[in-house]
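**Student:** Quick one, what's the 3D model for this:
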Amino acid sequence: MRPRRRALRRLALAGLCLAVVVVVVLRGGAGRAGGGARIDLSAYHVTFLDRFRTLSLSAHGPGTVWSAHTPWGGDFGEAAFADPTPAVFRITPEGLSIIASKTARGNWRSGLISSAYRDNDPHAGFAQEYGYFEMKAKLSGGMGTWPAFWLIGTDKRDFADEIDVIEYYGGFPRYFHTTEHVWVHGDNALLRSRLVRVPAGLLTSRFNRFGVLITPRTTSFYLNRRRFWSTPTPRQYRQPMYMLADLALGGGWPIDHLTPPLTLRIRQIEVWQRDRPWLGHPKD
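**Tutor:** Numbering: from 1, shown residues only. Coordinates of the predicted model:
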C-alpha cells in the first residue's frame, strides 16, 4: 500500500473509531472515577484468590486454575493468543506478566487467561453467580494496546452475556471503557457503556483495582474500590460468570508504532461472595 493511501486509510479509521466513542458516550454516559462510595466487603468472604506467586495454566484445561484460550476457542485482536510459554506468561515479584511480542516471522503474539475452559458448564473451572470480582493490575499503554478484564456467563444456549469491567485503549491515557453486553445471535440485545476519565498515566504507572459487584438488583463498577457507575442488573446476568484477562492488540486502532515487548502485569485476581444468601430475584 502506498504511503498516501495508507495515510488516508488511517484517517478514515480514526474517524470511524471516534464516532464509535461518541456513540458509547451517548449511550452510557461519561464520568470521572474516584469520587464514589467505597465498597463495603465486611459481609463478604473470599471464594477465589490468585496472587500469582506460581502459575497454574494450561492451554485448554481441565486440571489448572487458568486456561490460555477462550472457552469458545476464538481469538480476537491483532495478536494471536499463545499456549502457555515463558515468552508470554511469566511469574515475577510483581505477579503475572502477560507479554506481547513478535515471533521470528514478525507476527504478534500475546496472552489471555480464562477461569473456565468450557461454555455451558458451570463446573468447568471457576464461575460464580453474583458477588464482587476484582483484578489488581498495571496496564500496558501505547496506541494499539487493548488490555481487558471481563466476565462471561457460563450458559450460552440462548444468549451470551458479557461484562467488560475494563477495556483500555492505550492510545488514550485519560480514559477507559466499562461496558455491559447481552448478545443474541451475534447482535447486541443490550449495550450499556461508560467512558471513564482518569489522570493521564494512572493506569500504566501503578497497580489499580478494577472491580464489579453483581447483585440481583444492581451491577456496580469500581476503580480502587470506589464506585463510579451502577446499573440495574439484567436478568441474563443472574447466572454463574467466569473471568478473563488479556493483553490484546488493535481493537480498531493501528498497531504500527508499537515496540515489543509490551506487558500487562497482574498482581492478583480475587472474588468475594456474600456471607448470607442473596434475596430473591426482583421481578423482570
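
**Student:** what residue lies at the spatial centre of this protein?
**Tutor:** Nearest to the geometric centre of the chain sits Phe149, at 2.0 Å (Cα atoms, centre = their mean).

**Student:** which stretches of this structure aren't confidently modelled?
**Tutor:** 1-29, 33-34, 283-284 (pLDDT under 70).

**Student:** residue ranges for the helices of it, please.
**Tutor:** Ranges of helices within the chain are 3-28, 202-205, based on DSSP state H.

**Student:** longest strand anywhere in this protein?
**Tutor:** strand 262-274 (DSSP state E).

**Student:** Using CSV, write down the CA coordinates of that one.
**Tutor:** Extracted C-alpha coordinates of strand 262-274, given in CSV (Å, rounded to 0.1, in the frame of the first residue of the first chain):
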residue,chain,number,x,y,z
LEU,A,262,4.5,-4.9,25.9
THR,A,263,3.4,-6.2,29.3
LEU,A,264,0.2,-6.5,31.3
ARG,A,265,1.1,-7.0,35.0
ILE,A,266,-1.5,-8.7,37.2
ARG,A,267,-0.8,-8.7,40.9
GLN,A,268,-3.9,-10.6,41.9
ILE,A,269,-7.4,-11.6,40.9
GLU,A,270,-9.9,-12.0,43.7
VAL,A,271,-13.6,-12.9,44.0
TRP,A,272,-15.9,-12.4,47.0
GLN,A,273,-19.3,-13.8,47.9
ARG,A,274,-21.9,-12.5,50.4
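
**Student:** thinking the residue nearest to the centre of the chain is in contact with Leu264, fair?
**Tutor:** No. Counting by Cβ atoms under 8 Å, Phe149 does not reach Leu264; the two are 9.6 Å apart. C-beta: built from backbone N, CA, C; applies to glycine.

**Student:** re earlier: who does the residue nearest to the centre of the chain form a beta bridge with?
**Tutor:** Ile166, Ala245 (DSSP bridges).

**Student:** and what of Trp229?
**Tutor:** Beta-bridge partners, per DSSP bridges, of Trp229: Phe221.

**Student:** From what I see, it and Leu213 are in contact.
**Tutor:** No. If you go by Cβ under 8 Å, Trp229 and Leu213 don't touch, sitting 11.0 Å apart.

**Student:** what residues are shared contacts of these two?
**Tutor:** Counting by Cβ atoms under 8 Å, 6 or more residues apart in numbering, the shared contacts of Trp229 and Leu213 are Ser220.

**Student:** Around Ala59, how many other residues sit close by?
**Tutor:** When neighbours are defined as other Cβ atoms under 10 Å, Ala59 has 13 of them.
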